[in-house]
Every structure is written in C-alpha cells, then in structure tokens.
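Enquirer: Generate a structure from the sequence data that follows.
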Amino acid sequence: MDAGWGLALPAVPFACALAAFFVNRRVAAALGIAGAAVSLALAIALAATVDTTAERSWQWVDLGGLNVTLGTRLEPTTTLVAVAVGVVALAVQVYSVPYLAGDDRYPPYAAQVSLFTAAMLLVVVAGDLILLLVGWEVMGICSYLLIGHDRRLPAAPAAAVKAFLVTRVGDVGFLLGIALLGTAAGSFRISDVLAAAATGPGNGPAGIGGGTLTAAAVLLLAGVAGKSAQFPLHTWLPDAMAGPTPISALIHAATMVAAGVYVVARLFPVFQGGDALPVLGVMAAVTMLLGALAATAQDDIKRVLAWSTVSQLGYMTGALAVGAPGVALFHLLTHAAFKALLFLAAGSVIHAVGTNSMAAMGGLRHRMPVTFWCLTIGLGALVGLPPLAGFWSKDAILAAAGESGWLLFSVGLLTVAGTAWYAVRLWLLVFFGRPRTEVHPHEPPAAMGVPVLVLAVPSAGLGLAVFIPAFRERFGIGAVHIDAAVLPPLAALAVGALTVWALWRRAPRTDPAFSLGPLRAAFANAFWVDAVQHALVVRPVRALAGAVRAADESVVDGAVEATGRGARALGGSLATAHRSGLPRAATAVLAGAVLAALAATVLGIAL
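Expert: Prediction:
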C-alpha cells in the first residue's frame, strides 16, 4: 500500500465525526462504530505491508519561505500504534452505546469520540510538524468536551477546564519548540528535521546547532509533560475521571496520554542530540513512583486506575530516557490493551453497583464472574505477572534501565512493589469479602461485555510477540532470555502483593490502605502537589485577574462612566433651566430687556 493511504486513517473518522453531529442517536452510533472499524482495517492493512519508512507529501502552505506539507510518514512501529488506537477506539464506540443508553446528547458524544480518534491518528501518521501540531491541539479540544460531557456532575466542568488549561501550559512550549525546529532546519517536514538534527552545525546549511537543539527539545518536553501527564503537569489526569468511563479508557489507553510518549519516540534524535534525556529521566522517575504511591490510598476505582496510568507513563518516558524508544513503544502497546480493559471492566462494575467507591463493593467474584476474570487478567498484566503482556514490556524497560544506571532501575523496582500493592488491594476490595452494597449486581449487556472480552486477549498474549523476530526488529528489542535478571522485578511484585494479602487476611473487613498509617493522607493527596500548584499558581493568577478586573471597572470603565455621568448632569441642569415656569421666564426676559436698554442708554450718554 502507498504511504498516501496513511491520510485515510484520520480522514475516515473525521468524516464520520462531521456527519454524526447532524443525525439521530442510532445513526450517530453507527457512524462512530463504522469510522473506527474502517480505520482499524486500514491500520491492519498498513501494518501488514509497511516494513520500511515510507513518505508521501504534498505542498500545503508556504510560510515566508518555510514549506508546510500535507503528507504522511509511515514506519513499521507507526502502523502498530495506529492498530492499537483503532482497537481501543472501536471498543469504546461499541461499549458506549449501552453504557450511555439514557444520554440525550449521544450524537455529539459519538462525533467527539470520532474526532478524538482522528486527531490521534493524525499525530501518528503526520509527516510534518505543523500537521502533527493540528492533531495535537484537536485532541486537547476534544478532551475538554468529552471530560465535561456529563453536565449534571458538578466536578465534570471543573475537571474539563483544568485538563484544558494544564495541557495548554505545556502546549505553549510545544508550539515554540516546533517553531524553533522548523526555522532552524529550514523545513517542518519530520524527515528534514531529523536529518538536520543528526547533521549538526557546521556540516551543511540545514544543520541545527547544539544550543538550538537543546532549547527545542526542552520546549517540546513541556508539551510532552502536559499531554502525557508527567510531573509536574500530571495533576489534570486523575480529575479527568469525572468524564464518562469509556472516555477514561480512550484518554488513558491509546490517545491523548500516549501522544507525548509517541512524539518523543518519533523525534528521538532531537531529544538525544539536544541532551534533554537526563531531564526526561528525572521527570520519569518522579512520575512513576508518585503515581504508584498515590494509587495505593484511593477509594474511587477509576482514580486508582488514573494514578496507575500516571505511573505507567513514567515507565514509558523512563525507557525513552535510557535510550530505548522501541521498548517505550512496546510498553505503550501493551499498556493500551490492559488499561483499556481495566477501565471498561471497571465501568462494568460501576454500572452494576451504581458507585465508584470500592468501599461500597465487595463480594462480586461470584456475581460477575466474567468481569472478574477479565479484570484479573488486566491487573495481572499491569503488575507484570508472567506470562501476561505487561510482564514482557515492563521487564524490557527495567533491563534497559539496569544497563544505563541505578536511578531509574531502583525507582522502577520500588514502583513494581507499589503497583502490586494497589492492584491487589483493588482486586480484594472489589471482588472478595462480604458484599457491601444493597443492589444485586449482574454482568453487563453483551455490547459492553464483548469489548472487554476482546481486550482481554491482547492483554494476556500481546507480550508474547517478543518471541517473533520481525516484531523484535521493528521495536529494536534484543533476543529474549529468561534468566536471573527477571528475579528482582518478580521479587518486588511478590513483596507488594503478599503484604497486602497478609493485611487483608488478618482483617478482611478492613481496607489494607489503612495500614499505611500517617502516610495514607500524603499518598491519598498525592503529596499535595495539586494543592501546592493551586496555592502558588491558581490563587495568585485569580487574585491578579481580580485586581485587573477591579482596576478596569474602577479606573478605565470608571473614567468613561464618570465622563458620561458628568455630561448627563450638566445636560440635566441645562434642561432644568430650559424647563422653567412661564412667569419666571417672562420675568427673566423682561429683566434682561430692561438691563439691555439701560446699558444702551448709559453707553449713548457716555458717547
């Protein structure tokens, strides 16, 4: 297949999105499912045929001599990421039909999901930085609309605004980084930028200087931190749980948060040549451990999974920081499968019991056996239990980290233990013990259950692809050897899991998180990073905005309004004088005439 087919990947769901805004619920649902299905089929066809880098571009606009092209750049890894996006998008579209059965705003919802999918696919296949930026920003708009979709929830609009503003902070740097790269390379085409970054200064007119490359890489990292929820711009992601559960699956699994990781892998020579990888490494270490610790003390099942996403994204950026972009993309694929599975299975539980609180669940193992086994597979893949998908990708990350230094490797092991702690805690609180709800839960409808079952397959078996030489070649993964190197992560996993299990067995009615003691408050509030940002950024900005508004109203508007009031007062005085009674007016006229005559007489005698 020609590389030009890459443009069809975002074009199909984009066309379905435009049409879905103007039709009824049933047609909108059909369009959303059809658009995702066709994109998935195209992605699979491209994955089967693209085995080397393929490009095709057309002239789009000329910005003062800088050409912006409309085209695609397909690589073997690119097509597999597109397949992951298509699978998750299709599962979300199908799952959403019964999940939002009573939603009277379903057509715009389905349209926005399709637009979100199109934007992510545009980021995946874009061959030009400006085209990539278009998809990047459209995702931000769609996330705002979808997180705030349920307007009946007070938290939804606030969460949508927070996600939009926090990611926009990072996107300012992202925009400046793209502008700097394009102007330095003399082109916005990704292939030209990568060539210029590799050439360096002094080796040709297109070479990018080291200082310029470093500045561009750091600016791009700001956007990556926002989109992929890296410390310190991670605070929007847990609050985004106010959106519908299928949207949580879409955002957390294969679209928005994956975009930052994908862009760094796509432009890896820029970050490598710009010496930005140490910054990324520190950011990754803090993010992965912070997310895991925060997840250990949450009560909302979706917030546990949200903080889990923050932590797993830290693993991906950690792989990038140690120079293993292929391994990062491998974990992106496995994470897309098991995290979509976890969110959709959690949505089935929420749908059955009517609450997000794990304190109100319990004893669901026998009442929802299919959901139990699917969520068990997802949690096993999350913690890295062999031979499930997450084991192979996470082990590859830790192996790469172990070869590069101690920081990311040791933090990664601690995070493995933390991941096992919160995953087993969730498993126990939801499915074991006595039922803590008055409702009678049951398995979800088939349209919700089938996507969960389908996602359980790659969550269990996708990692085994590392035994296929062609797959390893695509992602730059070496031959797989099961040796003593896997023992430290498995030991950390066992420590975290068995500790929670022992606490649970000792007091089955007690949440194991209570055993965290004084640390519970710190973990539950994610070390108050959000509160610090609110105090240092949000409140001062609001105070400044209030002062500017007051100054505008009292000084600028006040001066204008005072001028108007003065003019009206003077006009009123004149009007009052003109409206004097007839006797007084006649007297005034006569007196004036007498005075004028007297003055004329006096002047005449004097002359």
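Enquirer: which residues of the chain fall in strands?
Expert: For the chain, the strands defined by DSSP state E cover 54-63, 66-74.
Enquirer: Which positions within the longest one qualify as buried?
Expert: Okay, so that is strand 54-63. Within strand 54-63, the residues that qualify as buried are 54, 55, 56, 57, counting by 16 or more other C-beta atoms under 10 Å. To be clear about C-beta, it is placed using only N, CA and C from the backbone, and glycine gets the same treatment.
Enquirer: Show me which of those is closest to residue 449.
Expert: residue 54 (38.6 Å; C-beta to C-beta).
Enquirer: contacting residues for the closest residue to the closest one other than its chain neighbours?
Expert: Nearest in space to residue 54, with sequence neighbours left out and distances taken as C-beta to C-beta, 6 or more residues apart in numbering, is residue 3 at 3.9 Å. Contact analysis of residue 3 by C-beta atoms under 8 Å, 6 or more residues apart in numbering lists 50, 54, 55, 56, 71, 72, 73, 74.
Enquirer: do that again at 10 Å, thanks
Expert: 46, 50, 53-57, 71-74, 125, 127 (C-beta atoms under 10 Å, 6 or more residues apart in numbering).
Enquirer: Reformat the residues you listed as JSON lines; add distance to residue 13.
Expert: Shown next, in JSON lines, are the contacts of residue 3 (distance: C-beta to C-beta, whole Å):
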{"residue": "46", "distance to residue 13": "15"}
{"residue": "50", "distance to residue 13": "20"}
{"residue": "53", "distance to residue 13": "24"}
{"residue": "54", "distance to residue 13": "22"}
{"residue": "55", "distance to residue 13": "22"}
{"residue": "56", "distance to residue 13": "20"}
{"residue": "57", "distance to residue 13": "22"}
{"residue": "71", "distance to residue 13": "19"}
{"residue": "72", "distance to residue 13": "16"}
{"residue": "73", "distance to residue 13": "20"}
{"residue": "74", "distance to residue 13": "18"}
{"residue": "125", "distance to residue 13": "13"}
{"residue": "127", "distance to residue 13": "19"}
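Enquirer: tell me the pLDDT at residue 395?
Expert: We have a pLDDT of 91 for residue 395.
Enquirer: Nearest residue to it in space, please, no chain neighbours.
Expert: Residue 395's closest residue in space is residue 486 (C-beta to C-beta, 6+ apart), at 5.8 Å.
Enquirer: before we move on, the earlier item: turn the strands of the chain into TSV, columns for distance to residue 238 and mean pLDDT.
Expert: Formatted as TSV, the strands of the chain follow (distance: least, C-beta to C-beta, whole Å; pLDDT from 0 to 100):
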stretch	distance to residue 238	mean pLDDT
strand 54-63	38	83
strand 66-74	34	85
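Enquirer: To residue 429, which of those strands lies closest?
Expert: Per C-beta to C-beta, nearest to residue 429 of these: strand 66-74, 44.3 Å.
Enquirer: For that closest one, list every residue counted as buried.
Expert: Quick answer for strand 66-74 (16+ other C-beta under 10 Å): 67, 68, 69, 70, 71, 72, 73, 74.
Enquirer: and if you look at stretch 219-239?
Expert: Buried residues in stretch 219-239 (16+ other C-beta under 10 Å): 219-231, 233-239.
Enquirer: And stretch 507-519, by the same measure?
Expert: Result for stretch 507-519 [16+ other C-beta under 10 Å]: buried residues 511, 512, 513, 515, 516.
Enquirer: Now residue 185: closest residue in space, sequence neighbours ignored.
Expert: In space, residue 185 is closest to residue 196, 3.8 Å off (C-beta to C-beta, 6+ apart).
Enquirer: Could you double-check that that neighbour lies in contact with residue 188?
Expert: No: contact criterion C-beta atoms under 10 Å: residue 196 and residue 188 do not qualify, at 11.2 Å.
Enquirer: hang on, the earlier thing: closest to residue 482 out of the contacts of residue 3?
Expert: residue 50 (31.0 Å).
Enquirer: quick one: contacts for the closest one?
Expert: 1, 3, 5, 6, 74, 75, 76, 77, 78, 79, 80, 82.
Enquirer: shaky segments in the stretch 201-350 of the chain?
Expert: For the stretch 201-350 of the chain, applying pLDDT under 70 flags the ranges 201-207.
Enquirer: please redo it, this time with the cut-off set to 50
Expert: Residues of the stretch 201-350 of the chain meeting the criterion pLDDT under 50: 201-205.
Enquirer: Repeat that for the chain.
Expert: 201-205.
Enquirer: Quick check: can you list the domain ranges of it?
Expert: 319-516, 528-553 (automatic domain parsing).
Enquirer: that older thread, okay, now the residue nearest to residue 395: neighbour count?
Expert: Other residues within reach of residue 486, judged by other C-beta atoms under 10 Å, total 16.
Enquirer: Buried ones in stretch 443-463, by neighbour count?
Expert: Buried residues in stretch 443-463 (16+ other C-beta under 10 Å): 443-444, 448-449, 451-456, 458-460, 462-463.
Enquirer: with the residues you listed in mind, which one is nearest to residue 295?
Expert: residue 459 (18.5 Å).
Enquirer: what's near enough to touch residue 444?
Expert: 95, 98-99, 344-345, 347-352, 368, 370-371, 450-452.
Enquirer: ok, 7 Å please
Expert: Residue 444 makes contact with 348, 351, 352, according to C-beta atoms under 7 Å, 6 or more residues apart in numbering.
Enquirer: what do you get for residue 76?
Expert: 50, 51, 474.
Enquirer: Report the separation between it and residue 475.
Expert: Separation of residue 76 from residue 475 (C-beta to C-beta, to the nearest Å): 9 Å.
Enquirer: Where do the helices of the stretch 351-500 of the chain begin and end?
Expert: 369-383, 389-404, 407-431, 446-461, 469-475, 487-506 (DSSP state H, counting those that start in this stretch).
Enquirer: Same check on the stretch 101-250 of the chain?
Expert: Counting by DSSP H, counting those that start in this stretch, the helices of the stretch 101-250 of the chain are 106-125, 129-147, 155-185, 190-199, 210-227, 236-239, 245-253.
Enquirer: can you list those helices in TSV and add distance to residue 303?
Expert: Formatted as TSV, the helices of the stretch 101-250 of the chain follow (distance: least, C-beta to C-beta, whole Å):
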stretch	distance to residue 303
helix 106-125	22
helix 129-147	14
helix 155-185	12
helix 190-199	36
helix 210-227	20
helix 236-239	5
helix 245-253	10
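Enquirer: which stretch among those helices comes nearest residue 11?
Expert: helix 106-125 (7.5 Å).
Enquirer: Report all helices and strands that that closest one contacts.
Expert: helix 8-20, helix 25-49, helix 76-99, helix 129-147, helix 256-266 (3 or more C-beta pairs under 7 Å, 6 or more residues apart in numbering; DSSP states H and E).
Enquirer: How about the contacts made by residue 467?
Expert: residue 480.
Enquirer: Residue 154 now?
Expert: No contacts exist for residue 154 under C-beta under 7 Å, 6+ apart.
Enquirer: Let me see the contact set for the closest residue to residue 41 other than its chain neighbours.
Expert: Leaving aside its sequence neighbours, residue 41 sits nearest to residue 86 (C-beta to C-beta, 6+ apart; 8.0 Å). Residue 86 is in contact with 36, 39, 40, 43, counting by C-beta under 7 Å, 6+ apart.
Enquirer: count of neighbours near the third one?
Expert: Spelled out, that is residue 40. 23.
Enquirer: before we move on, back to that, could you dump the buried residues of stretch 507-519 into CSV and include distance to residue 467?
Expert: Below are the buried residues of stretch 507-519 laid out as CSV (distance: C-beta to C-beta, whole Å):
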residue, distance to residue 467
511, 40
512, 36
513, 38
515, 40
516, 40
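Enquirer: Alright, I will stop here.
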